[in-house]
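1. here is a sequence together with a model predicted from it:
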Amino acid sequence: MAYKSLLTVMTETKFAKPALAQLVALAEAQDGHAEALCLGVDRSQTGYYYAGANALILQETLKRANAEADEVLAFAEDFLGKSGVRWSAENGVAQIADLGRHVAHRARFSDLVVLPQPYGKDRGAEAEPIIEAAMFEGHAPVLVVPDEAKPFASPRTVLIGWNESVEAMNAIRRALPFLRAAELTRIVVIDPPRHGPDRSDPGGMLSQMLSRHGVRCEIDVLSKTMTRVSDILNRHAADVEADMIVMGAYGHSRFREAILGGATRNMLEQSSVPVFLAH
């Protein structure tokens with residue numbers, strides 16, 4: 001299996017380059033097709049303007065969104081056109097409340113969606129909903145690329161955050177092309193349960209399953225010495241010089257993650273290496 005259909009969704013050019021560079025690197029390595037969906041976002045809310053509001057205001061909002069879509073498309077075409085990979089790009093306009101529908105439709109027919117980091121200074125409000133739409137409505141795995149990350153054709157060292165959850169297992173299965181190509185995959189178990197069938201060999205069953213796919217594995221059992229699991233994973237990723245982190249997304253409800261924070265949100269905020277997510 002390989003990632004043949006690779007998609008990125010762009011709504012601006014300022015933070016798009018790392019994700020585009022990673023998209024191209026994977027398309028080259030996997031002999032795949034790189035696709036860019038370039039959207040201008042109409043950020044006005046339906047019903048926001050009072051009855052009888054000047055139609056020119058609505059027209060100006062749409063005009064601005066179309067101009068943004070054209071600008072993003074030109075950026076994507078210039079970048080992809082210089083790459084030498086098979087590619088396509090198209091633009092359109094979407095209201096921010098309806099953005100997920102457009103993203104999910106494209107993600108549904110993609111093997112992997114490559115997106116920029118959604119949190120940080122000057123990020124648009126649409127960045128997080130795009131990731132969620134790709135995963136939840138599009139049912140596609142997502143590779144989130146930090147601003148400073150260097151593109152890789154194949155990660156040398158992959159770190160798996162393993163907590164025995166359904167989400168984590170789904171992410172691992174979706175990431176198998178990366179895991180099989182990696183020189184080493186490190187299964188990280190933080191504070192394993194003291195009771196249960198795997199208490200004497202945490203991560204052992206997963207290691208056995210992956211080894212049958214030709215994945216070279218090691219198991220790292222860590223203590224929870226920091227409050228947040230994401231901080232431990234990030235520190236360990238730096239210690240072992242991991243190129244990518246694989247983890248299940250949103251083990252709690254998305255509402256709870258958004259309000260209280262969680263491993264997924266914290267990881268996307270803090271990680272310095274690409275994070276592979278699936279739900």
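-> Great, that's in hand.
2. what about the protein, any weak spots by pLDDT?
-> Under the criterion pLDDT under 70, the flagged ranges of the chain are 45-58, 195-199, 251-261.
3. cutoff 80 now
-> Under the criterion of pLDDT under 80, the regions of the chain flagged as low confidence span 1, 43-59, 193-200, 250-263.
4. buried residues in the longest helix seen in it, which are they?
-> In the chain, ranked by residue count with DSSP state H as the criterion, the top helix is helix 55-81. Burial within helix 55-81, assessed by neighbour count using 16 or more other Cβ atoms under 10 Å, is assigned to 61, 64-65, 68-69, 71-73, 75-77, 79-80. C-beta coordinates here come from the backbone N, C-alpha and C atoms, glycine included.
5. of those, closest to D239?
-> F79 (33.5 Å; Cβ to Cβ).
6. secondary structure class for the residue nearest to that closest one when sequence neighbours are not counted?
-> In space, and not counting its chain neighbours, F79 is closest to L20: 5.1 Å by Cβ to Cβ, 6 or more residues apart in numbering. Reduced to three states with DSSP: H, G, I helix; E, B strand; the rest coil, the structure at L20 is helix.
7. L20: how many residues sit nearby?
-> Other residues within reach of L20 by the criterion other Cβ atoms under 10 Å amount to 23.
8. that one: what's it in contact with?
-> L20 makes contacts with T8, M10, A36, A76, F79, L80, as judged by Cβ atoms under 8 Å, 6 or more residues apart in numbering.
9. got the buried residues of helix 55-81 as TSV, with distance to Q208 columns?
-> Putting these into TSV (distance: Cβ to Cβ, whole Å) gives the following:
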residue	distance to Q208
T61	56
R64	55
A65	52
E68	50
A69	49
E71	51
V72	46
L73	47
F75	46
A76	43
E77	47
F79	42
L80	41
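10. which one of these is nearest P146?
-> Closest approach between those and P146, by Cβ to Cβ: F79, at 18.2 Å.
11. and the closest one, how far is that from M267?
-> 27 Å (Cβ to Cβ, to the nearest Å).
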